[in-house]
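Undergrad: sequence and predicted model, in that order:
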Amino acid sequence: MREFSPYSSEPISAGSSPPSGSPQRSASAPQMRFGKIDDLASRVAVAVDAARKYLFTQQHEDGYWCGELEADTTLESDYILLHVLLGTGNQERFDKAARHILNHQNEDGGWSIYAGGPSNVSASVKAYFGLKLAGFTAEHPALKRARKKILEMGGVTEVNTFTKIYLCFFGQYDYDAVPAVPPEIVLFPNWFWFNIYEISSWSRAILVPLSICYAKKPFKKISDEMGVEELFVGGREKSRMHLRWSKKRISWRNFFLFLDRLTHWFERVHIRPLRSLALKKAEKWMLQRFEMSDGLGAIYPSMMNSIIALRCLGYSVDDPQFIRAFDEFEKLGIEEGDTFRMQPCMSPVWDTAYALFALGEAGVPANDPRMVRSANWMLQKQVRKPGDWKIKNPKGEPGGWYFEFNNEFYPDVDDSAMVCLGLSRVEHPNGRYQSESVQRAIDWIFSMQCKNGGWASFDKDNDRMVFQYVPFADHNAMLDPATVDITGRILECLATYGYDQNHPAVKKAIKFIRKEQEPDGSWFGRWGVNYIYGTMQVLRGLEAMGVDRNDPMVQQAAEWLRSVQNADGGWGETVGSYDDPNLRGQGQSTASQTAWAIMGLLAVGDTRSECVARGMAYLLRTQNKDGSWDERFFTGTGFPRVFYLKYHLYSEYFPLIALTTYAKVMAEKSGS
């Protein structure tokens, strides 16, 4: 006898095993009849139990969770580049990193910045150069294919600023042709129209050490065979290496390009009266932020730039400051078999907060020792000292949490709210300690609200949009404006601790959310891919605050979620939606994005539509026997259009939240 799965065109033999090499699923594919799944309640209970057990297997003995944070191959390429520049690498590690890079080459010869994505010129040039530095020749088949694709995309001159500056370190690009990053920017007072605190915290941490490198202009001579001369369309001598002026003569781009060319002229004629003072201040700024941190900013690019900056400033490789910075950078590496890869940072606070919340929702007792141990670990991570955020929020008192193991200068609003949500599911033995910690965090979050009513991540009112046109801002993350996804989470957090729509900050936040809704009913997701994430976050926040489910804003969002469901019952959205909004809500189904959509629909009380039942069927069907889910695609966002992330635990705790939320809603509906 043969049956057909309702979501597959392939016949499945009743009781048969999955094909060889495929994941072991936890149960037979759920069958839908008239929009309902046979024995759904028991199936969900089994799935929740398996997911709960699996998530606990991922907990560290100290109480935290920290899944791998995966990014694109630019990290491995830069790793090789850094060690060649410093003369500190070993060939075995290079070979492993090169193998990882080659494993991710696209069919057309280039490299993408997310799984399944199109080739990206900056990532491809970095990979090509990294492979050459690792010992590959231009005639290697992989490099021949890469070279063809890179030239098709416009060659080296089309890469971003950071890539160009790194190429300058090896004489492969002209310092005079890259956007200037003068260290004098650190001397601008905080009240000045442009200063380093008017740009995002991550840009600040990246650019200050990079400005030291720009001023010192390091150079490492390499052989011609290791260079990238062949990646210039028509040859290096004939290439236009400077940035092009805007066709619109009077524009912000041309204004900043004029300042850039003026800065370069001062460099050439050595008119730099404040250079020594600027370098000393930049060095001091950088060293101060090494303290209580896993490296500068605890993120890959700023850590790498700070290591190069230290050498430029004359620090030896056996200097304690250099050793510490270098060791923190190396901790991001993962050596596995015959490959080596780097993480952009680590996410223990974020993963722990979400795991706690998911497990608490899944019925794990609030006083379970594993939950208490986790809460205790997290409470010790609360920031009690001022950081960069204090510049634009002088009245705020410390109380937030950061993302990584240690990053005292850079707590963020999103993590702080999620930690509070996680702690709401735990009963710490010292209840006063827990409640006081949470209240400190909420007070800090209130103080970080932006003028427009929303919340950003690391700073307040960091939204001077004109700075997007600064020549070195092509990493598309110069600013940190308020976003609806973070604002939605704040509303959910505040509601959990007793705040309601009558609070002035909540009123402003809901007004901001209403204003930011897209014409089709969705909301943009800054920190998760993309509109599915943003819409879910907002709907959960609005539900928690008791906003009327019949509000047109809410109903339109729910209808949008239903409209983008895939034929297999799941939801998915490609990272490409950041480049082309017409792709919003479109992409192959993933466990995390399916969970987000279900969470969003349940937040509006949708228990009757077939969409939710089909989404549940997708999660039940794709769960592995050990309680986990597989996820190939990137669903986390670093910098839209530039840098994306795959959180390896997203496919574990988000489906668990969706399943348990569904079970609770259905139980309440049935009165049980």
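TA: Looks like it arrived, so ask away.

Undergrad: in the biggest helix by length in the chain, what counts as buried?
TA: Taking DSSP state H as the criterion, the chain has its longest helix at helix 650-670. Neighbour counts over helix 650-670 (16 or more other CB atoms under 10 Å) mark 650-663, 665-666 as buried. Every residue, glycine included, has its C-beta placed from N, CA and C.

Undergrad: could I get the full set of strands for this protein?
TA: With DSSP state E as the criterion, the chain has strands at 2-4, 11-13, 32-33, 36-37, 69-70, 333-336, 339-342, 636-639, 643-647.

Undergrad: quick one: strands adjacent to the last one?
TA: Strand pairing for strand 643-647, determined by DSSP bridges: strand 69-70 (antiparallel), strand 636-639 (antiparallel).

Undergrad: so which of the ones you listed comes closest to Ile113?
TA: Closest to Ile113 of those is strand 636-639 (CB to CB; 9.6 Å).

Undergrad: and that closest one, how far out from the chain middle?
TA: 3 Å (CA atoms, centre = their mean, to the nearest Å).

Undergrad: same check, this time on stretch 356-366
TA: How far stretch 356-366 lies from its chain's middle: 25 Å, per CA atoms, centre = their mean.

Undergrad: got the CA coordinates for that stretch in CSV?
TA: What follows is stretch 356-366, C-alpha atoms only, in CSV (Å, rounded to 0.1, in the frame of the first residue of the first chain):
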residue,chain,number,x,y,z
LEU,A,356,15.5,30.2,29.0
PHE,A,357,12.4,31.8,27.6
ALA,A,358,11.6,28.8,25.3
LEU,A,359,12.1,26.3,28.0
GLY,A,360,10.0,28.2,30.4
GLU,A,361,7.3,28.5,27.9
ALA,A,362,7.6,24.7,27.3
GLY,A,363,6.7,24.0,30.9
VAL,A,364,10.1,23.6,32.5
PRO,A,365,9.6,24.6,36.2
ALA,A,366,10.8,28.1,37.1
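
Undergrad: separation between Val233 and Met241?
TA: According to CB to CB, to the nearest Å, Val233 and Met241 sit 11 Å apart.

Undergrad: of the two, give the one with the bigger neighbour count.
TA: Remark: of Val233 and Met241, Val233 carries more neighbours, 17 against 14, as counted by other CB atoms under 10 Å.

Undergrad: name the nearest residue to Trp523, ignoring sequence neighbours.
TA: Gly534 (3.9 Å; CB to CB, 6 or more residues apart in numbering).

Undergrad: check Val121 too.
TA: Spatially, and ignoring its direct neighbours in sequence, Val121 is nearest to Met153 (4.2 Å; CB to CB, 6+ apart).

Undergrad: all helices of the stretch 1-150 of the chain, in order?
TA: Using DSSP state H, counting those that start in this stretch, the helices of the stretch 1-150 of the chain run over 40-57, 74-86, 91-103, 121-133, 141-152.

Undergrad: would you turn those into a markdown table with distance to Asp338?
TA: Below are those laid out as a markdown table (distance: least, CB to CB, whole Å):
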| stretch | distance to Asp338 |
| --- | --- |
| helix 40-57 | 26 |
| helix 74-86 | 14 |
| helix 91-103 | 6 |
| helix 121-133 | 16 |
| helix 141-152 | 16 |
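
Undergrad: of the ones you listed, which is nearest Ile206?
TA: Shortest separation from Ile206 across the helices of the stretch 1-150 of the chain is recorded for helix 74-86, at 12.3 Å, computed as CB to CB.

Undergrad: run through who's touching the closest one.
TA: With contact meaning CB atoms under 8 Å, 6 or more residues apart in numbering, helix 74-86 is reached by 89, 93-94, 97-98, 100-101, 113, 122-123, 126-127, 129-131, 133-134, 166, 169-170, 218, 220, 222, 300-301, 304, 307-308, 311, 317, 333, 340-344.

Undergrad: then stretch 235-243?
TA: So stretch 235-243 is contacted by 155-157, 173-174, 177, 179, 229, 232-233, 257, 260, 471 (CB under 8 Å, 6+ apart).

Undergrad: state the distance from Lys216 to Leu583.
TA: 43 Å.

Undergrad: check Met153 too.
TA: 21 Å.

Undergrad: need the contact list for Tyr531.
TA: For Tyr531, the contacting residues are Glu518, Ser522, Trp523, Phe524, Gly525, Trp560, Glu573, Ser577, Arg584, Gly585, by CB under 8 Å, 6+ apart.

Undergrad: can you give me the neighbour number for the third one?
TA: The one in question is Trp523. 28.

Undergrad: correct me if wrong: it contacts Val484.
TA: Yes - taking CB atoms under 8 Å as the definition, Trp523 is a contact partner of Val484 at 4.6 Å.

Undergrad: now do the shared contacts for these two.
TA: Ile513, Glu516, Gly534, Gln537, Val538.

Undergrad: as CSV, the residues you listed with neighbour count would be great.
TA: Listed next are the shared contacts of Trp523 and Val484 as CSV, based on neighbours: other CB atoms under 10 Å:
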residue, neighbour count
Ile513, 23
Glu516, 18
Gly534, 30
Gln537, 31
Val538, 32
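
Undergrad: in helices, which of those fall?
TA: Ile513, Glu516, Gly534, Gln537, Val538.

Undergrad: ok, so of these, who is nearest Gly363?
TA: Taking CB to CB as the measure, Gly363 sits nearest to Gln537 out of those, at 23.6 Å.

Undergrad: ok, now which ones touch that closest one?
TA: Gln537 touches Val484, Asp485, Ile486, Gly488, Arg489, Trp523, Gly525, Gly528, counting by CB under 8 Å, 6+ apart.

Undergrad: so what's it closest to, chain neighbours aside?
TA: Ranked by CB to CB, 6+ apart and with sequence neighbours excluded, the top spatial neighbour of Gln537 is Gly488, at 3.7 Å.

Undergrad: neighbours of that neighbour, how many?
TA: The tally of other residues near Gly488 (other CB under 10 Å) stands at 31.

Undergrad: do I have it right that it meets Val538?
TA: Yes - applying CB under 8 Å, one finds Gly488 in contact with Val538, separated by 4.0 Å.

Undergrad: overlap in contacts, those two.
TA: With CB under 8 Å, 6+ apart as the test, Gly488 and Val538 both reach Ile513, Trp523.

Undergrad: residue contacts, the closest residue to Ser424 other than its chain neighbours?
TA: Using CB to CB, 6+ apart and skipping residues adjacent in sequence, the residue nearest Ser424 is Thr496, 5.0 Å away. Residues near Thr496 by CB under 8 Å, 6+ apart: Cys420, Leu421, Ser424, Ala544.
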